[in-house]
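1. Structure here, sequence nowhere to be found:
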(Lines give C-alpha, C1' and ligand atoms only; values in the text may rest on other atoms or scores of the structure.)
Protein backbone atom coordinates (compact mmCIF):
# COMPACT_ATOMS: atom_id res chain seq x y z
CA UNK A 1 0.00 0.00 0.00
CA UNK A 2 1.33 3.44 -0.96
CA UNK A 3 2.03 5.90 1.82
CA UNK A 4 -0.62 8.62 2.23
CA UNK A 5 -0.01 12.04 0.70
CA UNK A 6 1.47 14.39 3.29
CA UNK A 7 -0.46 17.65 2.90
CA UNK A 8 0.59 20.66 5.02
CA UNK A 9 -1.67 23.71 5.12
CA UNK A 10 -0.67 27.17 6.34
CA UNK A 11 -3.78 28.98 7.54
CA UNK A 12 -7.10 27.69 8.89
CA UNK A 13 -9.52 30.07 7.19
CA UNK A 14 -12.25 29.08 4.72
CA UNK A 15 -9.68 27.92 2.13
CA UNK A 16 -7.40 26.08 4.57
CA UNK A 17 -9.98 24.28 6.67
CA UNK A 18 -12.04 23.23 3.64
CA UNK A 19 -8.94 21.89 1.91
CA UNK A 20 -7.96 20.07 5.11
CA UNK A 21 -11.24 18.28 5.70
CA UNK A 22 -11.79 17.45 2.02
CA UNK A 23 -8.26 16.12 1.49
CA UNK A 24 -8.51 14.07 4.69
CA UNK A 25 -11.72 12.48 3.44
CA UNK A 26 -9.89 11.58 0.24
CA UNK A 27 -7.13 9.84 2.20
CA UNK A 28 -4.44 12.47 2.77
CA UNK A 29 -2.40 12.83 5.94
CA UNK A 30 -3.19 16.47 6.73
CA UNK A 31 -1.50 18.94 9.06
CA UNK A 32 -2.98 22.41 9.43
CA UNK A 33 -1.12 25.29 11.11
CA UNK A 34 -3.10 28.32 12.32
CA UNK A 35 -1.69 31.23 14.34
CA UNK A 36 -4.89 33.12 15.21
CA UNK A 37 -8.45 31.80 15.08
CA UNK A 38 -9.43 28.54 13.43
CA UNK A 39 -12.00 29.49 10.83
CA UNK A 40 -10.00 32.46 9.57
CA UNK A 41 -9.24 35.92 10.88
CA UNK A 42 -10.67 37.71 7.85
CA UNK A 43 -13.77 35.52 8.02
CA UNK A 44 -14.41 35.48 11.78
CA UNK A 45 -12.93 38.87 12.66
CA UNK A 46 -14.30 40.74 9.66
CA UNK A 47 -17.05 39.10 7.67
CA UNK A 48 -19.15 37.42 10.36
CA UNK A 49 -19.02 40.19 13.02
CA UNK A 50 -19.88 42.85 10.45
CA UNK A 51 -22.90 40.86 9.25
CA UNK A 52 -23.98 40.25 12.85
CA UNK A 53 -23.90 44.00 13.49
CA UNK A 54 -25.71 44.68 10.22
CA UNK A 55 -28.44 42.27 11.38
CA UNK A 56 -28.75 44.33 14.55
CA UNK A 57 -29.01 47.51 12.48
CA UNK A 58 -31.64 45.87 10.27
CA UNK A 59 -33.72 45.04 13.34
CA UNK A 60 -33.50 48.70 14.39
CA UNK A 61 -34.52 49.89 10.93
CA UNK A 62 -37.43 47.47 10.90
CA UNK A 63 -38.55 48.81 14.26
CA UNK A 64 -38.47 52.37 12.94
CA UNK A 65 -40.64 51.34 9.96
CA UNK A 66 -43.18 49.58 12.14
CA UNK A 67 -45.78 52.39 11.91
CA UNK A 68 -46.10 51.73 8.18
CA UNK A 69 -47.11 48.14 8.99
CA UNK A 70 -49.92 49.07 11.36
CA UNK A 71 -47.86 49.10 14.56
CA UNK A 72 -46.84 51.83 16.92
CA UNK A 73 -43.32 53.02 16.15
CA UNK A 74 -40.75 51.32 18.36
CA UNK A 75 -37.64 53.14 19.57
CA UNK A 76 -34.72 50.73 19.71
CA UNK A 77 -31.23 51.78 20.77
CA UNK A 78 -27.78 50.16 20.66
CA UNK A 79 -26.39 48.38 23.71
CA UNK A 80 -22.64 48.09 23.16
CA UNK A 81 -22.28 45.92 26.26
CA UNK A 82 -24.50 43.32 24.58
CA UNK A 83 -23.27 43.79 21.01
CA UNK A 84 -19.66 42.76 21.69
CA UNK A 85 -20.49 39.52 23.55
CA UNK A 86 -23.06 38.63 20.86
CA UNK A 87 -20.38 38.89 18.17
CA UNK A 88 -17.92 36.89 20.26
CA UNK A 89 -20.50 34.16 20.90
CA UNK A 90 -21.24 33.77 17.19
CA UNK A 91 -17.60 33.66 16.07
CA UNK A 92 -16.65 31.38 18.96
CA UNK A 93 -19.39 28.92 18.06
CA UNK A 94 -18.34 28.86 14.39
CA UNK A 95 -14.66 28.40 15.24
CA UNK A 96 -15.43 25.51 17.59
CA UNK A 97 -17.54 23.90 14.87
CA UNK A 98 -14.61 24.03 12.46
CA UNK A 99 -12.27 22.52 15.07
CA UNK A 100 -14.76 19.70 15.71
CA UNK A 101 -14.94 18.97 11.99
CA UNK A 102 -11.14 18.93 11.66
CA UNK A 103 -10.85 16.58 14.62
CA UNK A 104 -13.49 14.24 13.16
CA UNK A 105 -11.38 13.94 9.99
CA UNK A 106 -8.16 13.24 11.94
CA UNK A 107 -6.56 16.48 10.77
CA UNK A 108 -3.54 17.40 12.89
CA UNK A 109 -4.02 20.96 14.10
CA UNK A 110 -0.96 22.96 15.20
CA UNK A 111 -1.67 26.30 16.81
CA UNK A 112 1.28 28.48 15.91
CA UNK A 113 3.14 30.03 13.00
CA UNK A 114 4.66 28.27 10.02
CA UNK A 115 7.21 28.95 7.32
CA UNK A 116 8.66 27.05 4.40
CA UNK A 117 12.23 25.87 4.96
CA UNK A 118 12.45 24.43 1.45
CA UNK A 119 10.18 23.11 -1.31
CA UNK A 120 9.10 20.12 0.82
CA UNK A 121 9.90 21.28 4.36
CA UNK A 122 7.65 23.30 6.68
CA UNK A 123 8.70 24.54 10.11
CA UNK A 124 5.86 25.13 12.58
CA UNK A 125 6.51 27.01 15.82
CA UNK A 126 4.18 26.89 18.79
CA UNK A 127 4.50 28.47 22.20
CA UNK A 128 6.30 25.38 23.46
CA UNK A 129 7.99 23.62 20.54
CA UNK A 130 9.31 23.72 16.99
CA UNK A 131 7.97 21.03 14.66
CA UNK A 132 9.59 20.18 11.32
CA UNK A 133 7.20 18.72 8.76
CA UNK A 134 7.86 16.94 5.48
CA UNK A 135 5.29 17.71 2.82
CA UNK A 136 4.34 16.20 -0.52
CA UNK A 137 2.02 19.17 -1.08
CA UNK A 138 1.67 22.56 0.62
CA UNK A 139 -1.19 25.04 0.63
CA UNK A 140 -0.56 28.67 1.57
CA UNK A 141 -3.85 30.17 2.77
CA UNK A 142 -2.73 32.76 5.30
CA UNK A 143 -5.34 35.43 4.51
CA UNK A 144 -4.97 39.18 4.64
CA UNK A 145 -5.24 42.28 6.81
CA UNK A 146 -6.67 45.77 6.23
CA UNK A 147 -4.43 48.08 4.22
CA UNK A 148 -3.24 51.11 6.20
CA UNK A 149 -1.53 53.86 4.16
CA UNK A 150 1.29 55.93 5.65
CA UNK A 151 -0.92 59.02 5.87
CA UNK A 152 -3.47 57.36 8.18
CA UNK A 153 -2.56 57.48 11.91
CA UNK A 154 -4.66 54.49 12.97
CA UNK A 155 -5.05 54.40 16.75
CA UNK A 156 -8.12 52.22 17.29
CA UNK A 157 -9.87 55.09 19.08
CA UNK A 158 -10.68 57.81 16.58
CA UNK A 159 -8.99 56.51 13.44
CA UNK A 160 -10.17 52.98 12.81
CA UNK A 161 -9.69 50.09 10.43
CA UNK A 162 -12.55 47.69 9.91
CA UNK A 163 -11.18 45.40 12.63
CA UNK A 164 -11.61 48.12 15.24
CA UNK A 165 -15.34 48.32 14.53
CA UNK A 166 -16.75 45.01 15.85
CA UNK A 167 -18.02 46.87 17.79
CA UNK A 168 -16.19 50.23 17.96
CA UNK A 169 -15.16 51.77 21.29
CA UNK A 170 -18.24 53.99 21.01
CA UNK A 171 -20.94 54.66 18.44
CA UNK A 172 -19.56 57.55 16.37
CA UNK A 173 -21.48 60.80 16.36
CA UNK A 174 -20.15 61.55 12.87
CA UNK A 175 -18.23 58.82 11.04
CA UNK A 176 -16.13 59.63 7.99
CA UNK A 177 -15.73 56.49 5.86
CA UNK A 178 -12.79 56.41 3.45
CA UNK A 179 -13.43 53.97 0.60
CA UNK A 180 -16.63 53.28 -1.31
CA UNK A 181 -16.10 49.65 -2.25
CA UNK A 182 -18.07 46.74 -0.86
CA UNK A 183 -16.81 46.95 2.72
CA UNK A 184 -16.97 50.73 2.82
CA UNK A 185 -20.64 50.95 1.81
CA UNK A 186 -21.55 48.20 4.28
CA UNK A 187 -20.09 50.31 7.08
CA UNK A 188 -21.90 53.40 5.83
CA UNK A 189 -25.15 51.47 6.01
CA UNK A 190 -24.30 49.89 9.37
CA UNK A 191 -23.50 53.10 11.23
CA UNK A 192 -26.30 55.08 9.57
CA UNK A 193 -28.63 52.37 10.89
CA UNK A 194 -27.12 52.84 14.35
CA UNK A 195 -27.96 56.55 14.19
CA UNK A 196 -24.54 57.96 13.32
CA UNK A 197 -24.16 60.83 10.91
CA UNK A 198 -22.02 59.46 8.07
CA UNK A 199 -19.89 61.03 5.34
CA UNK A 200 -18.48 58.85 2.56
CA UNK A 201 -15.39 59.83 0.58
CA UNK A 202 -15.68 58.45 -2.95
CA UNK A 203 -12.59 58.63 -5.14
CA UNK A 204 -14.62 58.17 -8.34
CA UNK A 205 -18.02 59.38 -9.51
CA UNK A 206 -20.16 56.59 -8.07
CA UNK A 207 -20.13 54.25 -5.10
CA UNK A 208 -19.21 50.68 -5.95
CA UNK A 209 -17.25 51.73 -9.07
CA UNK A 210 -16.99 48.14 -10.32
CA UNK A 211 -20.72 47.45 -10.09
CA UNK A 212 -23.68 48.01 -12.41
CA UNK A 213 -24.60 51.71 -12.68
CA UNK A 214 -28.27 50.98 -11.82
CA UNK A 215 -27.16 49.17 -8.69
CA UNK A 216 -24.89 52.01 -7.61
CA UNK A 217 -27.60 54.59 -8.28
CA UNK A 218 -30.11 52.69 -6.14
CA UNK A 219 -27.68 52.52 -3.23
CA UNK A 220 -26.73 56.19 -3.54
CA UNK A 221 -30.41 57.16 -3.50
CA UNK A 222 -30.93 55.18 -0.30
CA UNK A 223 -27.86 56.75 1.32
CA UNK A 224 -29.01 60.25 0.44
CA UNK A 225 -32.50 59.55 1.81
CA UNK A 226 -30.88 58.65 5.12
CA UNK A 227 -28.80 61.82 5.26
CA UNK A 228 -25.44 60.34 4.24
CA UNK A 229 -23.07 62.91 2.71
CA UNK A 230 -21.40 61.70 -0.49
CA UNK A 231 -18.13 63.40 -1.48
CA UNK A 232 -17.50 62.24 -5.05
CA UNK A 233 -14.23 62.63 -6.89
CA UNK A 234 -12.33 63.07 -3.65
CA UNK A 235 -9.31 60.99 -2.67
CA UNK A 236 -8.24 61.06 0.97
CA UNK A 237 -4.59 61.91 1.54
CA UNK A 238 -4.36 62.68 5.25
CA UNK A 239 -6.11 62.39 8.60
CA UNK A 240 -5.50 64.82 11.46
CA UNK A 241 -6.54 64.18 15.05
CA UNK A 242 -8.30 67.05 16.77
CA UNK A 243 -9.18 67.52 20.42
CA UNK A 244 -12.50 65.72 20.04
CA UNK A 245 -12.38 64.09 16.62
CA UNK A 246 -10.69 63.93 13.24
CA UNK A 247 -10.32 65.89 10.03
CA UNK A 248 -9.89 63.97 6.78
CA UNK A 249 -8.01 65.89 4.08
CA UNK A 250 -8.71 65.22 0.40
CA UNK A 251 -6.50 65.83 -2.62
CA UNK A 252 -8.92 68.41 -4.07
CA UNK A 253 -8.68 70.62 -0.99
CA UNK A 254 -11.89 69.49 0.68
CA UNK A 255 -11.79 68.67 4.38
CA UNK A 256 -14.29 66.61 6.32
CA UNK A 257 -14.50 66.93 10.08
CA UNK A 258 -16.00 64.08 12.10
CA UNK A 259 -15.84 62.33 15.43
CA UNK A 260 -14.24 59.22 13.91
CA UNK A 261 -12.70 58.06 10.63
CA UNK A 262 -12.86 54.50 9.30
CA UNK A 263 -10.53 53.18 6.59
CA UNK A 264 -11.85 50.70 4.06
CA UNK A 265 -9.36 50.88 1.22
CA UNK A 266 -8.40 47.32 0.47
CA UNK A 267 -6.28 44.63 2.05
CA UNK A 268 -2.70 43.36 2.19
CA UNK A 269 -1.92 39.64 1.77
CA UNK A 270 -0.24 37.93 4.72
CA UNK A 271 2.75 36.44 2.90
CA UNK A 272 5.67 38.03 4.76
CA UNK A 273 7.91 35.69 6.72
CA UNK A 274 6.53 32.52 5.14
CA UNK A 275 9.83 31.46 3.57
CA UNK A 276 8.41 31.59 0.05
CA UNK A 277 11.83 32.49 -1.34
CA UNK A 278 13.37 29.43 0.30
CA UNK A 279 10.86 27.27 -1.53
CA UNK A 280 11.26 29.13 -4.83
CA UNK A 281 7.70 30.46 -4.84
CA UNK A 282 7.24 33.63 -6.90
CA UNK A 283 5.08 36.52 -5.70
CA UNK A 284 3.60 39.62 -7.30
CA UNK A 285 2.95 42.54 -4.98
CA UNK A 286 2.79 40.10 -2.07
CA UNK A 287 0.22 37.87 -3.79
CA UNK A 288 1.02 34.37 -5.03
CA UNK A 289 -0.01 33.99 -8.69
CA UNK A 290 -1.76 30.66 -9.32
CA UNK A 291 -3.06 28.71 -12.31
CA UNK A 292 -6.56 27.27 -12.64
CA UNK A 293 -5.58 24.39 -10.32
CA UNK A 294 -4.43 26.81 -7.60
CA UNK A 295 -0.77 25.93 -8.19
CA UNK A 296 2.05 28.42 -7.80
CA UNK A 297 5.12 28.29 -10.05
CA UNK A 298 6.30 25.46 -7.75
CA UNK A 299 3.68 22.94 -8.78
CA UNK A 300 3.24 21.11 -5.47
CA UNK A 301 2.84 24.42 -3.58
CA UNK A 302 -0.63 25.91 -3.85
CA UNK A 303 -2.24 29.19 -2.76
CA UNK A 304 -5.86 30.00 -2.02
CA UNK A 305 -7.98 32.71 -0.47
CA UNK A 306 -6.89 36.33 -0.30
CA UNK A 307 -3.20 35.53 -0.86
CA UNK A 308 -3.99 34.12 -4.32
CA UNK A 309 -5.10 37.51 -5.61
CA UNK A 310 -8.43 36.11 -6.82
CA UNK A 311 -11.87 37.22 -5.71
CA UNK A 312 -11.59 37.98 -1.96
CA UNK A 313 -14.75 36.11 -0.97
CA UNK A 314 -15.06 33.41 1.69
CA UNK A 315 -17.20 31.34 -0.68
CA UNK A 316 -14.50 31.50 -3.35
CA UNK A 317 -11.77 30.63 -0.83
CA UNK A 318 -13.73 27.58 0.33
CA UNK A 319 -14.22 26.36 -3.22
CA UNK A 320 -10.54 26.96 -4.00
CA UNK A 321 -9.68 24.80 -0.99
CA UNK A 322 -11.97 22.01 -2.18
CA UNK A 323 -10.60 22.08 -5.73
CA UNK A 324 -7.00 22.13 -4.51
CA UNK A 325 -7.65 19.14 -2.24
CA UNK A 326 -9.04 17.25 -5.22
CA UNK A 327 -6.03 18.19 -7.34
CA UNK A 328 -3.55 17.15 -4.64
CA UNK A 329 -5.30 13.78 -4.44
CA UNK A 330 -5.38 13.27 -8.20
CA UNK A 331 -9.02 14.16 -8.72
CA UNK A 332 -8.18 16.24 -11.79
CA UNK A 333 -7.38 13.03 -13.68
CA UNK A 334 -11.08 12.13 -13.44
CA UNK A 335 -14.23 14.19 -14.01
CA UNK A 336 -13.27 17.55 -12.54
CA UNK A 337 -14.86 20.96 -13.00
CA UNK A 338 -12.49 23.90 -12.68
CA UNK A 339 -13.48 26.85 -10.54
CA UNK A 340 -14.90 29.59 -12.77
CA UNK A 341 -14.39 32.90 -10.97
CA UNK A 342 -16.65 34.71 -13.43
CA UNK A 343 -19.59 32.69 -12.13
CA UNK A 344 -19.10 33.50 -8.45
CA UNK A 345 -22.08 35.13 -6.78
CA UNK A 346 -21.38 38.02 -4.41
CA UNK A 347 -23.50 40.11 -2.07
CA UNK A 348 -23.29 43.44 -0.31
CA UNK A 349 -25.17 43.59 2.97
CA UNK A 350 -26.46 47.11 2.78
CA UNK A 351 -30.12 48.08 3.04
CA UNK A 352 -31.44 47.26 0.54
CA UNK A 353 -29.12 44.32 -0.06
CA UNK A 354 -27.21 44.03 -3.34
CA UNK A 355 -26.17 40.84 -5.08
CA UNK A 356 -24.87 39.89 -8.51
CA UNK A 357 -23.43 37.02 -10.49
CA UNK A 358 -22.02 36.36 -13.93
CA UNK A 359 -21.88 38.78 -16.84
CA UNK A 360 -22.67 42.42 -16.02
CA UNK A 361 -24.62 44.57 -18.44
CA UNK A 362 -21.91 47.24 -18.63
CA UNK A 363 -19.17 44.67 -19.28
CA UNK A 364 -21.18 43.10 -22.08
CA UNK A 365 -21.73 46.44 -23.79
CA UNK A 366 -18.05 47.36 -23.37
CA UNK A 367 -17.10 44.11 -25.13
CA UNK A 368 -19.64 44.69 -27.89
CA UNK A 369 -21.53 41.55 -26.94
CA UNK A 370 -25.20 41.19 -27.81
CA UNK A 371 -27.34 40.53 -24.76
CA UNK A 372 -30.94 40.66 -23.63
CA UNK A 373 -31.57 42.59 -20.42
CA UNK A 374 -34.85 42.39 -18.52
CA UNK A 375 -35.61 44.30 -15.33
CA UNK A 376 -38.52 44.05 -12.89
CA UNK A 377 -39.00 46.34 -9.87
CA UNK A 378 -39.99 44.91 -6.51
CA UNK A 379 -42.69 47.59 -6.42
CA UNK A 380 -44.69 45.12 -8.56
CA UNK A 381 -44.19 42.28 -6.05
CA UNK A 382 -47.05 41.41 -3.71
CA UNK A 383 -44.65 39.98 -1.13
CA UNK A 384 -42.49 43.12 -1.15
CA UNK A 385 -45.58 45.25 -0.50
CA UNK A 386 -46.69 42.90 2.28
CA UNK A 387 -43.25 43.15 3.90
CA UNK A 388 -43.36 46.93 3.69
CA UNK A 389 -40.16 47.20 1.67
CA UNK A 390 -40.56 47.43 -2.11
CA UNK A 391 -37.18 49.00 -2.85
CA UNK A 392 -35.01 47.63 -5.62
CA UNK A 393 -35.29 45.39 -8.64
CA UNK A 394 -34.24 42.17 -10.35
CA UNK A 395 -32.20 42.34 -13.55
CA UNK A 396 -31.36 39.30 -15.67
CA UNK A 397 -28.85 39.22 -18.51
CA UNK A 398 -29.27 36.46 -21.11
CA UNK A 399 -28.17 35.44 -24.58
CA UNK A 400 -30.81 36.66 -27.07
CA UNK A 401 -30.16 33.76 -29.44
CA UNK A 402 -30.21 30.83 -27.01
CA UNK A 403 -31.95 32.21 -23.94
CA UNK A 404 -29.08 30.99 -21.72
CA UNK A 405 -28.78 33.00 -18.50
CA UNK A 406 -25.47 34.86 -18.48
CA UNK A 407 -25.78 36.91 -15.30
CA UNK A 408 -27.96 39.07 -13.14
CA UNK A 409 -28.16 41.55 -10.33
CA UNK A 410 -30.64 42.10 -7.53
CA UNK A 411 -31.21 45.11 -5.31
CA UNK A 412 -33.69 44.56 -2.52
CA UNK A 413 -34.65 42.63 0.54
CA UNK A 414 -33.04 39.16 0.74
CA UNK A 415 -31.01 39.77 -2.44
CA UNK A 416 -28.18 37.67 -0.98
CA UNK A 417 -30.53 34.68 -0.86
CA UNK A 418 -32.41 35.27 -4.11
CA UNK A 419 -29.22 35.55 -6.19
CA UNK A 420 -28.66 31.82 -5.61
CA UNK A 421 -31.34 31.03 -8.20
CA UNK A 422 -29.56 33.09 -10.87
CA UNK A 423 -26.16 31.73 -9.78
CA UNK A 424 -27.41 28.18 -10.27
CA UNK A 425 -28.78 29.10 -13.69
CA UNK A 426 -25.46 30.68 -14.73
CA UNK A 427 -23.37 27.76 -13.45
CA UNK A 428 -25.60 25.08 -14.98
CA UNK A 429 -26.16 26.91 -18.28
CA UNK A 430 -29.93 27.08 -17.78
CA UNK A 431 -32.20 29.16 -19.98
CA UNK A 432 -34.57 31.93 -18.95
CA UNK A 433 -37.45 29.58 -19.78
CA UNK A 434 -36.20 27.20 -17.07
CA UNK A 435 -36.78 29.95 -14.52
CA UNK A 436 -40.07 31.11 -16.04
CA UNK A 437 -41.52 27.60 -16.03
CA UNK A 438 -40.51 26.88 -12.42
CA UNK A 439 -43.53 26.76 -10.10
CA UNK A 440 -42.51 29.21 -7.37
CA UNK A 441 -44.20 30.05 -4.10
CA UNK A 442 -46.83 32.81 -4.09
CA UNK A 443 -46.55 35.35 -2.63
CA UNK A 444 -42.76 35.42 -2.59
CA UNK A 445 -39.96 37.74 -3.62
CA UNK A 446 -38.66 34.95 -5.87
CA UNK A 447 -41.59 35.51 -8.20
CA UNK A 448 -39.79 38.62 -9.41
CA UNK A 449 -37.05 36.35 -10.77
CA UNK A 450 -39.51 34.52 -13.00
CA UNK A 451 -41.03 37.81 -14.13
CA UNK A 452 -37.58 39.21 -14.99
CA UNK A 453 -36.82 36.05 -16.97
CA UNK A 454 -40.05 36.37 -18.96
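-> Received, thanks. This is a predicted model, so every value here is computed, not measured.
2. alpha carbons only for contacts and neighbour counts from here, please
-> Fine.
3. Tell me the pLDDT of residue 213.
-> Residue 213 is assigned 89 on the pLDDT scale.
4. And for it, the neighbour number?
-> Neighbour count of residue 213, defined by other CA atoms under 10 Å: 15.
5. I'd say residue 346 and residue 353 touch.
-> No - here residue 346 lies out of contact with residue 353, judged by CA atoms under 8 Å, at a distance of 10.9 Å.
6. what residues do these two have in common as contacts?
-> When CA atoms under 8 Å, 6 or more residues apart in numbering defines a contact, the residues bordering residue 346 and residue 353 alike are residue 416.
7. the more surrounded of these two?
-> Each of residue 346 and residue 353 has its neighbours counted (other CA under 10 Å); residue 346 has more, 23 against 20.
8. Please determine how far the more buried one is located from residue 357.
-> Distance, residue 346 to residue 357, using CA to CA, to the nearest Å: 6 Å.
9. cool, and residue 142?
-> 26 Å.
10. Comparing these two, which shows the higher neighbour count?
-> Neighbour count, other CA under 10 Å: between residue 142 and residue 357, residue 142 has more, with 31 against 26.
11. what's the closest non-adjacent residue to the more buried one?
-> residue 11 (4.5 Å; CA to CA, 6 or more residues apart in numbering).
12. Quick check: pLDDT value at that neighbour.
-> 97.
13. oh, and call the first residue 12 from now on, that's how I've got it
-> Understood, numbering begins at 12; the last thing we discussed is residue 22.
14. who's in contact with it?
-> 28, 43-46, 51, 151-154.
15. biggest separation within those residues, which pair?
-> Within these, 43 and 154 form the most distant pair, 14.1 Å apart (CA to CA).
16. on contacts alone, who are the packing partners of the helix ranked longest in the chain?
-> Taking DSSP state H as the criterion, the chain has its longest helix at helix 91-115. If you count contacts as 3 or more CA pairs under 8 Å, 6 or more residues apart in numbering; DSSP states H and E, helix 91-115 packs onto helix 25-36, helix 59-75.
17. mean confidence for it?
-> Here the average pLDDT along helix 91-115 is 91.
18. which other residues reach that helix?
-> Contacts for helix 91-115 (CA under 8 Å, 6+ apart): 28, 31-32, 48-50, 55-56, 59-60, 63-64, 119-120, 177-178, 181.
19. if we go to 10 Å?
-> Helix 91-115 has contacts (CA atoms under 10 Å, 6 or more residues apart in numbering) with 23-25, 28-29, 31-33, 35, 41-43, 48-51, 54-56, 59-64, 67, 117-120, 177-182.
20. shaky segments in this protein?
-> In the predicted model of the chain, residues 12, 84-85, 344-347 satisfy pLDDT under 70.
21. same thing but at 50, please
-> In the prediction, the chain carries no residues with pLDDT under 50.
22. Map the structural domains onto the sequence of it.
-> 17-157+280-344, 170-276, 363-464 (automatic domain parsing).
23. Quick one: closest of those domains to residue 350.
-> domain 17-157+280-344 (7.2 Å).
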